[in-house]
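Peer 1: Sharing a model prediction with you, sequence too.
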Amino acid sequence: MITIREITQQVKAEKALKDHQRRLRAFFESPLLGAIYWNMNGAITDANDRFLEMMGYTRDELVTGKVKWTEMTPAAYAAADEHALAELRATGIDTPYEKEYIRKDGGHIPILIGAVMLDERRQDGIAFVIDVSSRKKAEQAARESEEQFRTLAESMPNLAFWAEPDGSVTWYNRRWYEYTGIPREQMAGWGWRSLHDAAMLPQVVERWRAALQSGDSFEMELPLRGADGQFRSFLARVVPVKYPNGTIRRWFGTYTDVSALRDARELLAKHKEELESVVAQRTAQLQEVVDELGAFSYSVSHDLRTPLRTIIGFGELLVTDHGATLPGEAKALLNRMVRAAQRMNALITDLLKYSQMSRGELYIEVLDPHPLIQEIVEANLVATPAATIHVVGPFPKVRASRVALQQCLANLVANAIKFSRPGVPPVVTIRAESEPDRVRLNVEDNGVGIAPQHRDRVWAMFERLSSNYDGTGVGLAIVRKAMERMGGQIGVESEVGVGSTFWIELPAPVGPEATR
């Protein structure tokens, strides 16, 4: 007799069970979290490598029953374990909860544990354990940091607050309540609006909502009502505190009392207006005096030159026509008189040039300095044939007044020739240096040189460093004034007994001007 049974369903069930056990085993052996097989008697029947690593035990120490899971639990968590076991008996699964285990070395490790009952008859199951030490440390650090912040915020003189990402305020510091006099419960959420000036509140709310939407900082000066009912000016600043991924965790804000600063600004603005009025009035008066003095000096200079020309002309005529019949002493005195009149005439001429340079209109244009330099060189070589003058090009174009630039270069070249060393023929070199926006013209000589302590003095009016050389002491002052009016600069480099380099620096033409 042959019996045939249908075992298809049985085979499928066994296969499904094996697949389930294989998947469960793979999950059990995962290195991501600790796992143990356990029973209600407190025994651990198996443990994965991650759990052994967490606890510091060997597998033999745990699965042979030498150490029970109940013994690894501190007494403080016994009640939590009993609640979990009751939940397991009732439902077959418990709600994951936090507790601690005692490691083999005696240290405590915080964990998150959840268990599932596998066999109600044998009262055993599997538990999954996650080490939450890092999270606990982070939480503790956050608590300590927040406590430190609260301590700092409570001690600061500013009004301070925390707000949630949606803008609702959850905390104010002590100084806020002292200033406002409003109870804590009335300040929660958006309660702060009741303290703002009604006329300005819509603008404040609009800007605050815009900051919440954009995630940008908020800053605004606004009035805030105090416990006495009076408004004072505050500078409100609110900045976002973000998570590492950039999302906003909360907002931190401060209100700084700037009433005194505002009052000071208003007072300063008032004084500034008064001062500007006084300065404008005094400037106008001073300008009037300067104009009158300028006109007076110009008139006097012109009037003085007429008798001086007469003195010089008659003096030279006497020397020429009657010098042979005059006694020697009289002739010497007459020559001294003529030279003095000539020096006076030269001084008046230079003063007129300085006055014109200070007061006259200067037409600024783009020009090539090379032709001006050539004219000046030729004139000086005629006057001083013993001099040697080198002109080293090229010379870039500059923005300057033709008349003023010619006067400056003429004075510098004349001085370079005049202040030569005794017995040493003067050698002068004129060259240019250029940058994109500036051009420097150098006048170099081999003359007596200038001591370092005197280099700033040479540009002053009537300044003469030596009586051995003729001059009025006005020439370099004219150069300085001309460069001021043309937006240029001046300077000198010198060594006593070697020579000097006087330079003037002028703006270079840019853009379309440079191609003219």
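Peer 2: Nice, I can see it.
Peer 1: Against Glu316, how distant is the closest residue to Leu224 other than its chain neighbours?
Peer 2: Spatially, and ignoring its direct neighbours in sequence, Leu224 is nearest to Phe234 (4.8 Å; Cβ to Cβ, 6 or more residues apart in numbering). Backbone N, C-alpha and C define where each C-beta goes, glycine included. From Phe234 across to Glu316, the span is 85 Å (Cβ to Cβ, to the nearest Å).
Peer 1: What of Glu100?
Peer 2: Distance of Glu100 to Glu316, given as Cβ to Cβ: 120 Å.
Peer 1: Could you list the low-pLDDT ranges of the stretch 51-200 of the chain?
Peer 2: Low-confidence segments of the stretch 51-200 of the chain, defined by pLDDT under 70, span residues 120, 122, 142, 145, 148-149, 152-153, 155.
Peer 1: quick one, strands of it?
Peer 2: In the stretch 51-200 of the chain, strands defined by DSSP state E, counting those that start in this stretch lie at 97-102, 108-119, 124-131, 159-163, 169-172, listed in chain order.
Peer 1: out of the ones you listed, which comes closest to Ile36?
Peer 2: Ile36 lies closest, by Cβ to Cβ, to one member of these: strand 124-131, at 5.4 Å.
Peer 1: Walk me through which strands the closest one pairs with, and which way each runs.
Peer 2: Partners of strand 124-131 in the sheet, by DSSP bridges, are strand 34-39 (antiparallel), strand 108-119 (antiparallel).
Peer 1: what about Gln281, how many neighbours?
Peer 2: 10 (other Cβ atoms under 10 Å).
Peer 1: go on, the one 5 residues further on?
Peer 2: The number of residues packed near Leu286 is 11, by other Cβ under 10 Å.
Peer 1: How about Ala477?
Peer 2: Quick note: Ala477 (other Cβ under 10 Å) scores 23 neighbours.
Peer 1: In terms of helices and strands, where is it?
Peer 2: Per DSSP states H and E, Ala477 falls inside helix 475-485.
Peer 1: Report the angle between the next helix or strand along the chain from that helix and helix 475-485.
Peer 2: Beyond helix 475-485 on the C-terminal side, the first helix or strand identified by DSSP H and E is strand 489-495. If you take axes from the mean of the first three to the mean of the last three Cα atoms, to 10 degrees, strand 489-495 sits at 140 degrees to helix 475-485.
Peer 1: now strand 489-495: mean pLDDT?
Peer 2: Across strand 489-495, pLDDT averages out at 91.
Peer 1: what comes into contact with it?
Peer 2: Strand 489-495 is contacted from outside by 449-450, 455, 458-459, 479-480, 483, 500-505, using Cβ atoms under 8 Å, 6 or more residues apart in numbering.
Peer 1: now do stretch 232-242
Peer 2: 159, 163, 208, 211, 215-224, 226, 248-259, 261-262.
Peer 1: and with 6 Å instead?
Peer 2: 215, 217-224, 248-259, 262 (Cβ atoms under 6 Å, 6 or more residues apart in numbering).
Peer 1: buried set for that stretch?
Peer 2: Arg232, Ser233, Phe234, Leu235, Ala236, Val238, Pro240 (16 or more other Cβ atoms under 10 Å).
Peer 1: Quickly find the element holding the second one.
Peer 2: Pointing back at Ser233 there. Per DSSP H and E: Ser233 is located in strand 231-242.
Peer 1: and that strand, which strands flank it?
Peer 2: Within its sheet, strand 231-242 is paired with strand 218-225 (antiparallel), strand 248-257 (antiparallel), according to DSSP bridges.
Peer 1: and the angle from it to strand 159-163?
Peer 2: 40 degrees.
Peer 1: wait, what's in contact with Pro422?
Peer 2: With contacts defined as Cβ under 6 Å, 6+ apart, Pro422 has no neighbours.
Peer 1: now swap in Gly488 and tell me
Peer 2: Gly488 makes contact with Ile504, Glu505, Leu506 under the criterion Cβ under 6 Å, 6+ apart.
Peer 1: from those residues, which is closest to Gly65?
Peer 2: Using Cβ to Cβ, the contacts of Gly488 come closest to Gly65 at Glu505, 96.9 Å.
Peer 1: ok, now how distant is Asp124 from Arg89?
Peer 2: Distance, Asp124 to Arg89, using Cβ to Cβ: 12 Å.
Peer 1: what does Phe252 give?
Peer 2: Counting by Cβ to Cβ, the gap from Phe252 to Arg89 is 49 Å.
Peer 1: Comparing those two, which shows the higher neighbour count?
Peer 2: More crowded of Phe252 and Arg89, by other Cβ under 10 Å: Phe252, with 17 against 13.
Peer 1: Which residues are in contact with that one?
Peer 2: Contact analysis of Phe252 by Cβ under 6 Å, 6+ apart lists Val239, Val241.
Peer 1: What confidence value was assigned to it?
Peer 2: Predicted confidence (pLDDT) for Phe252: 91.
Peer 1: Same question for the one 5 residues further on.
Peer 2: Turning to Asp257, the model gives it a pLDDT of 88.
Peer 1: where's it relative to Tyr179, distance?
Peer 2: Applying Cβ to Cβ, the value for Asp257 to Tyr179 is 8 Å.
Peer 1: ok, those two, which is more surrounded?
Peer 2: Tyr179 (20 against 17).
Peer 1: Surely Lys272 is in a helix?
Peer 2: Yes - counting by DSSP: H, G, I helix; E, B strand; the rest coil, Lys272 is located in a helix.
Peer 1: Report how many residues lie close to it.
Peer 2: Applying other Cβ under 10 Å, we find 10 residues neighbouring Lys272.
Peer 1: Around His454, count how many other residues there are.
Peer 2: 15.
Peer 1: Distance check, it against Arg421.
Peer 2: Per Cβ to Cβ, His454 is found 17 Å from Arg421.
Peer 1: distance of Glu185 from Thr256?
Peer 2: Remark: distance between Glu185 and Thr256 (Cβ to Cβ) = 26 Å.
Peer 1: Comparing these two, which residue is more hemmed in?
Peer 2: Counted by other Cβ under 10 Å, Glu185 and Thr256 do not tie: Thr256 has more neighbours, with 16 against 7.
Peer 1: In this structure that one contacts Asn158, no?
Peer 2: Yes - taking Cβ atoms under 6 Å as the definition, Thr256 is a contact partner of Asn158 at 5.2 Å.
Peer 1: mind giving me TSV with the buried residues of stretch 232-242 and columns for distance to Ala280 and pLDDT?
Peer 2: Shown next, in TSV, are those (distance: Cβ to Cβ, whole Å; pLDDT from 0 to 100):
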residue	distance to Ala280	pLDDT
Arg232	36	90
Ser233	31	89
Phe234	36	91
Leu235	34	91
Ala236	38	91
Val238	43	93
Pro240	48	93
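Peer 1: ok, those vs His370, which is closest?
Peer 2: Leu235 (60.3 Å).
Peer 1: Which positions are bridged to the closest one in the beta structure?
Peer 2: Beta-bridge partners, per DSSP bridges, of Leu235: Glu221, Thr256.
Peer 1: where does the stretch 251-400 of the chain dip in pLDDT?
Peer 2: 263-264, 271, 289-306, 308, 340-360.
Peer 1: how about the helices in it?
Peer 2: For the stretch 251-400 of the chain, the helices defined by DSSP state H, counting those that start in this stretch occupy 259-322, 328-359, 369-383.
Peer 1: mind listing what's buried in the shortest one?
Peer 2: This points to helix 369-383. Going by neighbour count (16+ other Cβ under 10 Å), the buried part of helix 369-383 is Pro369, His370, Leu372, Ile373, Ile376, Val377, Asn380.
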